[in-house]
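Student: I need the structure of the sequence given here:
(one chain, ligands or ions: 1)
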Amino acid sequence: MPEARGDIREIVGQPVFVPLYKLFLVYGKIFRLSFGPKSFVIISDPAYAKQILLTNADKYSKGLLSEILDFVMGTGLIPADGEIWKARRRAVVPALHRKYVMSMVDMFGDCAAHGGSTLDKYATSGVSLDMENFFSRLGLDIIGKAVFNYDFDSLTHDDPVIQAVYTLLREVEHRSTAPIAYWNIPGIQFVVPRQKRCQEALLLVNECLDGLIDKCKKLVEEEDVEFGEEFLSERDPSILHFLLASGDEISSKQLRDDLMTMLIAGHETTAAVLTWTLYLLAQHPESAAAIRKEVDALLGDRKPGVEDLKALKVTTRIINEAMRLYPQPPVLIRRALQDDQFDQYTVPAGSDLFISVWNLHRSPKLWDEPDKFKPDRFGPLDGPMPNEVTENFAYLPFGGGRRKCIGDQFAIFEAVVALAMLMRRYEFSLDESKGTVGMTTGATIHTTNGLNMFVRRRDLSAVPPPSRAADAVSAGYAFACGPVATQSISSAAAVSTAAAAGGCPFHTAAASAMPAAAACLGPTGTTPA
Ligand code: HEM
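Tutor: The predicted model follows:
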């Protein structure tokens with residue numbers, strides 16, 4: 001197997017996937033890279049990635065990743081292997097059932113609208129805002145509500161639990177890029193201040209999780225709704241509620257590991273996707289304009305509803321392309337449990353492998369102009385959404401095979417709703433006085449200096465009301481204002497007229513008939529009376 005040579009010190013100080021890309025261009029689709037006693041096999045080929053993730057998945061474990069994450073996720077889904085993983089995957093996947101995710105769409109919109117108060121403040125002051133930090137807070141608020149119905153409200157305030165969650169996230173990221181497993185040194189948590197802080201943070205978050213678990217257990221004991229289809233449609237349960245109500249025997253420690261895994265997995269990833277999408281949009285005003293055109297025509301000022309998601313095709317494609325250029329995480333980690341063969345090369349049992357998703361997504365052999373942002377590269381908008389199957393493992397934003405992300409739909413819906421709402425209401429431009437954005441590696445790709453952006457409120461005075469009102473009648477308004485709206489506003493013309501007059505067809509044309517009006521965002525993004 002080719003052995004990468006050269007000055008590996010080059011890697012220090014750079015996000016690790018960047019030098020790996022340079023080495024890939026020299027050494028090809030599989031090569032070995034050694035640092036002192038450590039050695040890794042770097043994979044940058046879709047067929048090999050498919051073999052590891054899908055066809056020979058039995059031959060691999062999470063290896064290094066499990067070691068890094070053990071302190072915080074224990075036997076949660078991401079680090080777990082073997083029988084524990086199988087059992088937990090079986091239990092957790094139904095909690096992210098499509099119906100459940102659908103029931104969350106409204107909450108995504110509420111959280112994005114809530115973030116508007118922060119953006120308004122910066123728009124008024126004219127001071128730039130770190131949008132990476134903003135998306136991280138938005139992601140935390142959303143995942144907190146979805147996983148255990150806890151309102152961090154990190155968009156508007158800081159508290160010790162939020163700080164503790166961030167301390168843990170940073171420690172995970174630090175460990176994932178550290179050259180030695182320093183955390184295994186006995187007693188280090190009592191001596192090194194960062195490790196001490198990490199221990200304290202862990203205690204605090206665990207206490208908070210235990211409290212939420214107890215509260216939810218009581219709720220489940222009290223309720224009389226049968227678990228099943230009805231449970232999903234009648235409740236607005238958190239994932240925790242679902243796991244407890246399913247009646248599976250599960251220890252509190254395992255439950256905590258599951259929750260912590262979802263909190264971390266679902267938070268930074270989506271935040272990073274939104275950060276890099278906005279970064280790309282700042283450089284591609286034509287794409288920003290395309291999103292606005294789509295949102296203006298379909299939604300106007302209301303929140304996207306479930307049925308709108310299918311129609312927000314341009315917005316979705318732009319996110320798909322941003323995930324190609326900035327995959328989160330940029331590298332997937334595995335350890336070979338048995339020997340495996342890649343053409344003429346044998347990878348022996350015990351080897352640590354990095355599947356470089358960054359290399360796959362930017363390979364000149366797989367993509368036309370791979371470094372260019374071209375959202376139309378995935379074909380007609382009416383075609384299928386790109387994923388590992390449609391692109392035959394050349395595109396792995398959510399991994400593939402049996403360890404594929406369980407939150408993929410949740411994440412796409414969340415990102416589409418947030419991006420559509422923010423692009424409708426605001427304009428963003430880079431604050432170049434804060435220096436280049438830069439990249440650093442953590443579990444996801446971070447900026448080096450923040451994504452500092454000026455925020456301006458969009459002038460909507462000349463923007464016509466939604467022109468695709470006919471679609472809105474059957475789709476969006478029905479969701480936003482309750483089923484009665486669909487019956488009462490029966491023509492596109494009626495919707496357009498009403499929208500022109502009051503911004504919201506439902507409230508102008510049929511307000512008295514609409515008891516479910518509270519769900520509808522009015523023209524200024526506030527709930528109309
Ligand atoms: C845009 C956002 C997201 C991205 C880019 C993303 C990406 C990924 C990727 C690439 C994997 C596979 C890792 C591997 O094979 O080693 C994964 C696994 C996972 N993700 Fe996500 N994810 C996102 C959002 C979420 C959300 C919202 C949740 C939960 C609510 C979640 C929960 C998980 C879990 C539990 C796994 C482990 C699955 C298993 O090993 O069986 N992710 N994610």
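Student: what distance do you get for whichever residue of the chain sits closest to the ligand to residue 172?
Tutor: Using C-beta to the nearest ligand atom, the single residue of the chain nearest to the ligand is residue 407, 2.3 Å away. All C-beta spots, glycine's among them, are computed from the backbone N, C-alpha and C. Plainly put, residue 407 is 17 Å away from residue 172 if you go by C-beta to C-beta, to the nearest Å.
Student: same thing with residue 417?
Tutor: In this structure, residue 417 lies at 27 Å from residue 172, with C-beta to C-beta as the measure.
Student: in terms of neighbours, single out the busier of those two.
Tutor: residue 417 (28 against 19; other C-beta atoms under 10 Å).
Student: low-confidence stretches in this structure?
Tutor: Low-confidence segments of the chain, defined by pLDDT under 70: 6-13, 177, 179, 223-237, 468-529.
Student: how about the residues of it near the ligand?
Tutor: Contacts of the chain with the ligand, taken as C-beta under 6 Å from any ligand atom, map to 77-78, 89, 261-262, 265-266, 269-270, 273, 328, 332, 397-399, 403, 405-407, 410-411.
Student: three-state assignment of the spatially closest residue to residue 300 that is not a sequence neighbour?
Tutor: Closest residue to residue 300 apart from its sequence neighbours, by C-beta to C-beta, 6 or more residues apart in numbering: residue 466 at 4.4 Å. On the three-state scheme (DSSP: H, G, I helix; E, B strand; the rest coil), residue 466 is labelled coil.
Student: mind listing the helices for the stretch 151-300 of the chain?
Tutor: Per DSSP state H, counting those that start in this stretch, the stretch 151-300 of the chain carries helices over the ranges 160-177, 188-191, 193-222, 229-234, 239-245, 252-283, 285-298.
Student: adding distance to residue 120, write these out as TSV.
Tutor: TSV is the format used below for those (distance: least, C-beta to C-beta, whole Å):
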stretch	distance to residue 120
helix 160-177	22
helix 188-191	43
helix 193-222	30
helix 229-234	35
helix 239-245	31
helix 252-283	17
helix 285-298	18
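Student: right, and those helices - which one's nearest residue 382?
Tutor: Nearest to residue 382 among these is helix 285-298 (14.0 Å), distances taken as C-beta to C-beta.
Student: tell me how many other residues surround the residue nearest to residue 300.
Tutor: Under the neighbour criterion other C-beta under 10 Å, residue 466 is assigned a count of 24.
Student: separation between it and residue 411?
Tutor: Distance from residue 466 to residue 411, by C-beta to C-beta: 26 Å.
Student: next: residue 166.
Tutor: On the measure of C-beta to C-beta, residue 166 and residue 411 end up 20 Å apart.
Student: those two - which one has more neighbours?
Tutor: Each of residue 166 and residue 411 has its neighbours counted (other C-beta under 10 Å); residue 411 has more, 25 against 17.
Student: residue contacts, the closest residue to that one other than its chain neighbours?
Tutor: Nearest in space to residue 411, with sequence neighbours left out and distances taken as C-beta to C-beta, 6+ apart, is residue 270 at 5.0 Å. Neighbouring residues of residue 270 by C-beta atoms under 8 Å, 6 or more residues apart in numbering: 135, 139, 142-143, 411, 414-415.
Student: so which of those residues are in helices?
Tutor: 135, 139, 142-143, 411, 414-415 (DSSP state H).
Student: dump those residues to TSV, plus distance to residue 248.
Tutor: Compiled in TSV, the ones in helices among the contacts of residue 270 are given as follows (distance: C-beta to C-beta, whole Å):
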residue	distance to residue 248
135	34
139	28
142	26
143	22
411	25
414	26
415	30
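Student: would you confirm that the residue nearest to residue 300 contacts residue 298?
Tutor: Yes: if you go by C-beta atoms under 8 Å, residue 466 and residue 298 touch, sitting 6.1 Å apart.
Student: on that earlier part again, tell me how far the residue of the chain closest to the ligand lies from residue 104.
Tutor: As judged by C-beta to C-beta, residue 407 and residue 104 stand 11 Å apart.
Student: and if you look at residue 139?
Tutor: Taking C-beta to C-beta as the measure, residue 139 and residue 104 are separated by 13 Å.
Student: and those two? Which one has more around it.
Tutor: For residue 139 against residue 104, the residue with the higher neighbour count under other C-beta under 10 Å is residue 139, and the figures read 26 against 23.
Student: sorry, back to before: buried subset of the residues of the chain next to the ligand?
Tutor: Those of these that meet the buried threshold are 77-78, 261-262, 265-266, 269-270, 273, 328, 332, 397-399, 403, 405-407, 410-411, by 16 or more other C-beta atoms under 10 Å.
Student: in a strand, residue 39, correct?
Tutor: Yes: according to three-state DSSP, residue 39 belongs to a strand.
Student: any idea how far it is from residue 48?
Tutor: Residue 39 is 17 Å from residue 48, where distance means C-beta to C-beta.
Student: looking at these two now, which is surrounded by more residues?
Tutor: Neighbours per residue, other C-beta under 10 Å: of residue 39 and residue 48, the larger number sits with residue 48, 22 against 12.
Student: what residues are up against that one?
Tutor: Residue 48 neighbours (C-beta under 8 Å, 6+ apart): 29-30, 342, 355.
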